[in-house]
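here are the coordinates; sequence isn't available:
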Ligand SMILES: [Zn+2]
């Protein structure tokens with residue numbers, strides 16, 4: 001009888017059909033250990049390590065990673081931040097999650113990567129990796145023969161994206177961006193996957209959601225980290241909070257509590273998620289790049305609701321002679337506005353979110 005019971009249990013764990021609404025047990029769940037890079041966590045434990053980005057045409061470096069292998073099986077969720085190493089609130093949020101989530105309370109596995117772009121963090125360089133001047137959220141799925149950003153992206157694709165079931169990529173206003181918090185929901189056209197990622201975004205709790213329906217569909221040209229997971233069939237999303245330098249507690253809390261909300265929705269933690277009931281769905285982003293260098297002066301704050309033609313800001317030369325008024329090309333919400341006077345050609349002055357007339 002005992003033998004039979006054990007055999008029946010093994011059959012259920014390894015091959016039995018999952019009940020509706022429960023996580024589908026996979027071979028991964030049978031793992032007593034979970035390894036990412038140099039970090040190997042026993043079931044119910046936490047491990048620290050690094051992803052090794054090997055040297056190539058330029059230097060290699062280490063990306064820090066923590067693996068929380070839950071006491072019980074469940075989904076594998078990766079939460080990544082610091083692709084832009086001066087978006088500090090998102091980096092501190094993932095740091096906090098490393099200690100806040102207890103493996104004993106966890107069903108599934110949590111992979112936490114607080115700082116992808118270590119060179120940017122160390123050198124206070126916004127937007128890019130100063131080693132090769134590339135954004136670390138534009139070169140996925142990466143290239144083992146490319147420059148440092150290409151190689152790091154390749155390592156992350158292999159070590160983080162491929163083993164996970166879901167991924168959340170956290171960002172925020174960079175050193176020059178005064179940003180209001182929001183999430184992105186990527187629409188792939190696969191209704192089942194889109195419903196799953198939509199529910200994850202709503203459970204995260206930010207009340208403004210940008211609908212991304214123009215992201216690449218080719219997994220070999222995925223560009224963005226979230227898109228690398230999404231094009232591999234893994235419901236995922238991006239969220240942003242925090243702005244232009246200071247680590248504001250409310251911004252960090254929004255990202256920490258959002259992550260916990262999505263984990264509750266995924267049944268990785270007990271408790272019920274509190275999804276946003278009526279989010280503002282943003283169907284389009286209108287970006288205004290500078291067409292010359294100068295001094296930028298903002299006339300409105302982040303989150304301002306502006307009419308078409310409203311004055312957003314103005315540009316002067318260094319001797320304060322007016323060069324240009326910056327006007328809203330469409331009515332919408334200021335998702336972020338330039339936080340500093342420094343302005344060179346091509347810099348983004350403002351991103352305006354155009355609100356969808358219907359709920360999604
Ligand atoms: Zn970013």
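Sure thing, it's come through. Quantities reported herein were computed from a predicted structural model and do not represent experimental measurements. Numbers count the residues shown, from 1 in each chain.

how about the residues of the stretch 101-250 of the chain near the ion?
Residues of the stretch 101-250 of the chain lying close to the ion (CB under 5 Å from the ion) are residue 171. In this view, the C-beta of every residue, glycine as well, is placed from N, C-alpha and C.

Tell me which stretches of the stretch 101-250 of the chain form helices.
Remark: helices assigned in the stretch 101-250 of the chain by DSSP state H, counting those that start in this stretch are 118-123, 148-156, 191-204, 225-230, 249-265.

Among the ones you listed, which comes closest to residue 168?
Residue 168 lies closest, by CB to CB, to one member of those: helix 249-265, at 6.4 Å.

buried sites along that closest one?
251-252, 254-256, 258-265 (16 or more other CB atoms under 10 Å).

neighbours around residue 52, how many?
Around residue 52 there are 14 other residues, counting by other CB atoms under 10 Å.

and the residue of the stretch 201-350 of the chain found nearest the ion, bridged to which residues?
The nearest approach of the stretch 201-350 of the chain to the ion comes at residue 240, 7.0 Å away (CB to the ion). Beta-bridge pairing for residue 240 (DSSP bridges): residue 171, residue 182.

and after the helix or strand of the chain with the lowest mean pLDDT, which helix or strand comes next?
Lowest on mean pLDDT, DSSP states H and E among the helices and strands of the chain sits helix 2-15, with a mean of 38. Once the chain leaves helix 2-15, the next helix or strand it forms, by DSSP states H and E, is strand 33-36.

ok now that following strand, how far from the chain's centre?
Relative to its parent chain, strand 33-36 has a centroid offset of 22 Å by CA atoms, centre = their mean, to the nearest Å.

Pull out the buried positions in that strand.
Across strand 33-36, burial judged by 16+ other CB under 10 Å covers 34, 36.

The helix or strand where residue 46 lies: which residues count as buried?
Using DSSP H and E, residue 46 sits within strand 45-53. Counting neighbours by 16+ other CB under 10 Å, one finds that the buried residues in strand 45-53 are 45, 46, 47, 49, 51, 53.

so where does the spatially closest residue to the second one that is not a sequence neighbour fall, helix or strand?
Ranked by CB to CB, 6 or more residues apart in numbering and with sequence neighbours excluded, the top spatial neighbour of residue 46 is residue 68, at 5.0 Å. Assigned by DSSP H and E, residue 68 belongs to strand 61-69.
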